[in-house]
Structure formats: structure tokens, C-alpha cells
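>>> Next input, structure requested:
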Amino acid sequence: MESQLRSLLKTFTYRIAAVIGTWILIWLITKDIKETTFLTFVVHLLLTIIYYVHERIWNKISWGYEKKQ
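All right, here's what the predicted structure looks like:
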């Protein structure tokens, strides 16, 4: 099982890449920097929380781990 700190770091590094991609996509659609920034922030704040909770739940499930021999 990985530590909470590792899960948190993985969450934030993934989110950075996702935020950049989302910002570019929304900007291409809206051409409005303020609207793009706001929408990107709201979407990724919610998705970051969901991802972290999802990771922590999966860390409690033992299914799929291979036993060391």
C-alpha cells in the first residue's frame, strides 16, 4: 500500500498536466481568458478531490495484489 503523501503527490502532478490540457481546450472554444481560467479551476478542483478519494478507496481494497513469494 502506498502512503497518503505519495497518493497526494501523484494526484497533484497528474492534475497539473490535466489542468494545462483543459485550459488549452476551453480557451480554443471560448477565446476568453477569464472564463477559461474560472472553468478550468472549478472543474479541476472537483476532479482533484474525486481522484484523491478514489485512490484512497482503492488502497483499502486488497483485490488484484499479488502476494510476494
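>>> Now do the same for the host helix or strand of residue 36: mean pLDDT, whole number.
Using DSSP states H and E, residue 36 falls within helix 33-59. The pLDDT scores in helix 33-59 average 93.
>>> which residues touch the residue lying closest to residue 1 once chain neighbours are set aside?
Excluding the flanking residues, the one nearest residue 1 by C-beta to C-beta, 6 or more residues apart in numbering is residue 59, at 5.2 Å. Using the backbone N, CA and C atoms, a C-beta is placed for each residue, glycine as well. The contact partners of residue 59, by C-beta atoms under 8 Å, 6 or more residues apart in numbering, come to 1-2, 7.
>>> just the buried members of those?
In the contacts of residue 59, burial by neighbour count holds for residue 7, counting by 16 or more other C-beta atoms under 10 Å.
>>> Of the contacts of residue 59, which is the nearest to residue 16?
Residue 16 has its nearest neighbour among those in residue 7, at 15.4 Å by C-beta to C-beta.
>>> name the element the closest one belongs to?
In this assignment (DSSP H and E), residue 7 forms part of helix 4-30.
>>> From the contact counts, what lies against that helix?
helix 33-59 (3 or more C-beta pairs under 8 Å, 6 or more residues apart in numbering; DSSP states H and E).
>>> And the helix it packs on, how far out from the chain middle?
Averaging C-alpha positions (C-alpha atoms, centre = their mean, to the nearest Å) puts helix 33-59 6 Å from its chain's average.
>>> Buried residues of the helix holding residue 7, list them for me.
Neighbour count says helix 4-30 has 7, 11, 15, 18-19, 22-23, 26-27 buried, by 16+ other C-beta under 10 Å.
>>> Next: stretch 46-55.
Residues 47-48, 51-52, 55 are the ones in stretch 46-55 that count as buried (16+ other C-beta under 10 Å).
>>> So residue 52 is in contact with residue 6, correct?
No - here residue 52 lies out of contact with residue 6, judged by C-beta atoms under 8 Å, at a distance of 11.7 Å.
>>> what residues are up against residue 11?
Residue 11 sits next to 48, 51-52, 55 when contact means C-beta under 8 Å, 6+ apart.
>>> closest to residue 36 among those residues?
Among these, and counting by C-beta to C-beta, the member closest to residue 36 is residue 48, at 17.9 Å.
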